[in-house]
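**Q** Need coordinates for the below:
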Amino acid sequence: MSNKIILLAGPTASGKSKLAIQIAKKLNGEIINADSMQIYKEFSILSSRPTKLEIKKVKHHLYGIISVKKHFSAGDWFKEAKKKINTCLKKKKTPIVVGGTGLYFNTITKGISKIPEIDFKTRSKVRSLYNRLGYQKFYERLIELDPYVKNKILPSDSQRMQRAYEVKLKTKKSLFEWILKTKSEFLDFKLKTVFINIPRDELLQKISKRTELMFEENCIAEVKKFNRLRINKSLSANKLIGINEINQYLKGMISLEECREFINIKTRQYAKRQNTWARGHMKNWNKLYSKNFSILLKKSLKAVS
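**A** Next up, the predicted model:
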């Protein structure tokens, strides 16, 4: 039985889905989602989930599997992805893990730390402290609590700062002590990696086109439907780019044109963060690109062979 797993990442709107489908066709593969927003049932337009036509071409897994009302962590994703990977391999299919969520890929390449579940009370306490102190003072307080964090987490990384604080508070051990004990469960597998290294100018054009398409497909109606669910504001689904901007438009705070532009700006910022993540966490990945799709496909097939 082959033990090859293809990991295909890249910034939002870089063309991952299209490339993954063609690789899957050539290599008898099946696609496994590694995008934290495409897992939600209620969002297909704003999350740019593969279309029904694309899904018919090749078998897709872990798209639209969870309600926005539920909490879904990288650990939850890893459990589901591991099952799908093993099922693919048993069927002699090549698993192709595709997406833009760096943390999901890390669970495969580096493993997932066995940090105990952090309770809601501790999380709320840390969030309140962060909001009260602001990022700079919170960072200073975190360094006092956990000196290991110094030079490992930036003060601008609010999520990781809060995560490190809550882990130390709850477990009495540093987040980085837990990370040191972490090993990948896929060490004996052939991990073939591709990151779509698209030039910035081309990416910005693709982001603008995709935003236009979202409005053509009525992403406003999708947000209205989501609003009616009245989900807890702390849940991750609320972070999906476009929800806040469309709600501002619906309240008459901004024009439709401003709404589109704000979504573009937020998406560009997100793409920049994804590229920054890749530079830090995907140093050994094959960074590939060509404006000519057939050349990109050839390069990718060579990298994963």
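
**Q** Please report how far the nearest residue to F262 once chain neighbours are set aside lies from R260.
**A** In space, and not counting its chain neighbours, F262 is closest to E245: 4.5 Å by CB to CB, 6 or more residues apart in numbering. Just so you know, the C-beta spots here come from the backbone N, C-alpha and C atoms, and that holds for glycine as well. Distance of E245 to R260, computed by CB to CB, to the nearest Å: 8 Å.

**Q** F226 is in what secondary structure piece?
**A** helix 219-229 (DSSP states H and E).

**Q** Pull out the buried residues from that helix.
**A** Residues 219-220, 222-223, 226 are the ones in helix 219-229 that count as buried (16 or more other CB atoms under 10 Å).

**Q** what's the spacing between whatever helix or strand comes next after it and its chain's center?
**A** Using DSSP H and E, the helix or strand that follows helix 219-229 in sequence is helix 243-250. Relative to its chain's centre, helix 243-250 lies at 22 Å (CA atoms, centre = their mean, to the nearest Å).

**Q** so what secondary structure elements neighbour the following helix or strand past helix 243-250?
**A** Following helix 243-250 in sequence order, the next helix or strand is helix 256-281 (DSSP H and E). Contacts defined by 3 or more CB pairs under 8 Å, 6 or more residues apart in numbering; DSSP states H and E place helix 256-281 against helix 102-109, helix 200-216, helix 243-250.

**Q** can you pull the buried residues of helix 256-281?
**A** 259-260, 262-264, 266-268, 270-271, 274-275, 277-278, 281.

**Q** For the most centrally placed residue in the chain, which residues are in contact?
**A** Nearest to the geometric centre of the chain sits T101, at 2.0 Å (CA atoms, centre = their mean). The neighbours of T101, taking CB atoms under 8 Å, 6 or more residues apart in numbering as the test, are 34-36, 74, 77.

**Q** try it again with 10 Å
**A** Taking CB atoms under 10 Å, 6 or more residues apart in numbering, we find T101 in contact with 9, 33-39, 74, 77, 107, 274, 277.

**Q** Among these, name the least confidently predicted one.
**A** Ranked by pLDDT, those bottom out at A74, which has 89.

**Q** That one: neighbour count?
**A** Using other CB atoms under 10 Å as the criterion, A74 is surrounded by 16 other residues.

**Q** From what I see, it and G99 are in contact.
**A** No. A74 lies out of contact with G99 (CB atoms under 10 Å); the separation is 11.7 Å.

**Q** joint contacts of those two?
**A** By CB under 10 Å, 6+ apart, A74 and G99 have these common neighbours: 36, 81, 105.

**Q** got the end-to-end distance for stretch 98-116?
**A** Counting by CA to CA, to the nearest Å, you get 28 Å between the two ends of stretch 98-116.

**Q** so how far is it off the chain centroid?
**A** Counting by CA atoms, centre = their mean, stretch 98-116 comes out at 10 Å from the chain centroid.

**Q** care to break the chain down by domain?
**A** According to automatic domain parsing, the chain is divided into the following domains: 4-112+183-304, 120-180.

**Q** how long is the first one from one end to the other?
**A** Counting by CA to CA, the length from the leading to the trailing residue of domain 4-112+183-304 is 9 Å.

**Q** count of neighbours near the nearest residue to K173 once chain neighbours are set aside?
**A** Excluding the flanking residues, the one nearest K173 by CB to CB, 6+ apart is V167, at 7.3 Å. When neighbours are counted by other CB under 10 Å, V167 registers 24.

**Q** helices and strands of this protein: which one has the lowest mean pLDDT?
**A** Within the chain, confidence by mean pLDDT, DSSP states H and E is lowest for helix 175-180 among all helices and strands, at a mean of 85.

**Q** Could you name the helices and strands sitting against that helix?
**A** Judged by 3 or more CB pairs under 10 Å, 6 or more residues apart in numbering; DSSP states H and E, the packing partners of helix 175-180 are helix 158-171.

**Q** In the stretch 1-150 of the chain, where is pLDDT below threshold?
**A** For the stretch 1-150 of the chain, the stretches flagged by pLDDT under 70 are 1.

**Q** same deal with the stretch 151-300 of the chain?
**A** For the stretch 151-300 of the chain, no range has pLDDT under 70.

**Q** re the thing from before, angle of the helix holding F226 against helix 200-216?
**A** 70 degrees (axes from the mean of the first three to the mean of the last three CA atoms, to 10 degrees).

**Q** so helix 219-229 versus helix 256-281, what angle?
**A** Angle between the axes of helix 219-229 and helix 256-281 is 80 degrees (criterion: the same axes, to 10 degrees).

**Q** Overlap in contacts, E245 and R260.
**A** Taking CB under 10 Å, 6+ apart as the contact rule, E245 and R260 both touch I254.

**Q** That'll do, ta.
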